[in-house]
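sequence unknown, structure follows:
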């Protein structure tokens, strides 16, 4: 094994770990990072182990999950009839929560942002509780799906290169 191979394996392993952690922490682009690691590995090895069909399959898988995540977020917002200001408050709260680099603030701050925004626009207390419940359920459900796809992507990659 050459020094270049050792560096490639070390970097691939490190980035795969970071990518997997990104499936747990929404502020990190976990699935796109995992896909990028697979692509870079393929390019650096001249696609000897990872072929075009594998890249197409992983691209479709990651793209589909990202699209489904966006659609689920939109549908969840529509289901609870969130106002524009509630959605904007959740986004602002998410950005603020992400800046603290803590999973707790990442989960709590979008809820706080949505509740504050809805309070300022005059929405009632029942809506605020409903918003919190939907946000938490969506967060947990989305995380489970991202982790499952991340594990699948890593397993597919390892089955090709080992």
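Great, that's in hand. Bear in mind the structure is a predicted one, so any value in this text is a computation, not a measurement.

run through this protein and note the low-pLDDT ranges.
26-27, 73-82, 101-104, 106, 123-135 (pLDDT under 70).

report the longest helix in it, please.
Counting residues, the longest helix in the chain under DSSP state H turns out to be helix 125-161.

what about the helices in the protein?
Using DSSP H, helices in the chain cover 3-24, 30-44, 52-79, 84-99, 103-121, 125-161.

check which helices and strands the longest helix of the chain sits against.
When contacts are defined as 3 or more CB pairs under 8 Å, 6 or more residues apart in numbering; DSSP states H and E, helix 125-161 packs onto helix 3-24, helix 30-44, helix 52-79, helix 103-121. Any C-beta I mention is one placed from the backbone N, CA and C, and that applies to glycine too.

looking at these, which is closest to residue 149?
helix 52-79 (5.0 Å; CB to CB).

so the closest one versus helix 103-121, what angle?
Inter-element angle recorded for helix 52-79 and helix 103-121: 40 degrees (by axes from the mean of the first three to the mean of the last three CA atoms, to 10 degrees).

for helix 52-79, buried residues please.
Neighbour counts over helix 52-79 (16 or more other CB atoms under 10 Å) mark 54, 55, 58, 61, 62, 65, 66, 69, 76, 77 as buried.

can I get those residues in CSV including distance to residue 139?
As requested, the buried residues of helix 52-79 are exported to CSV (distance: CB to CB, whole Å):
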residue, distance to residue 139
54, 31
55, 30
58, 25
61, 22
62, 20
65, 15
66, 16
69, 11
76, 10
77, 13
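
how close does the residue lying closest to residue 93 once chain neighbours are set aside get to residue 8?
With CB to CB, 6 or more residues apart in numbering as the criterion, residue 93 has its nearest non-adjacent residue at 2.2 Å, and that residue is residue 113. Counting by CB to CB, to the nearest Å, the separation of residue 113 from residue 8 is 42 Å.
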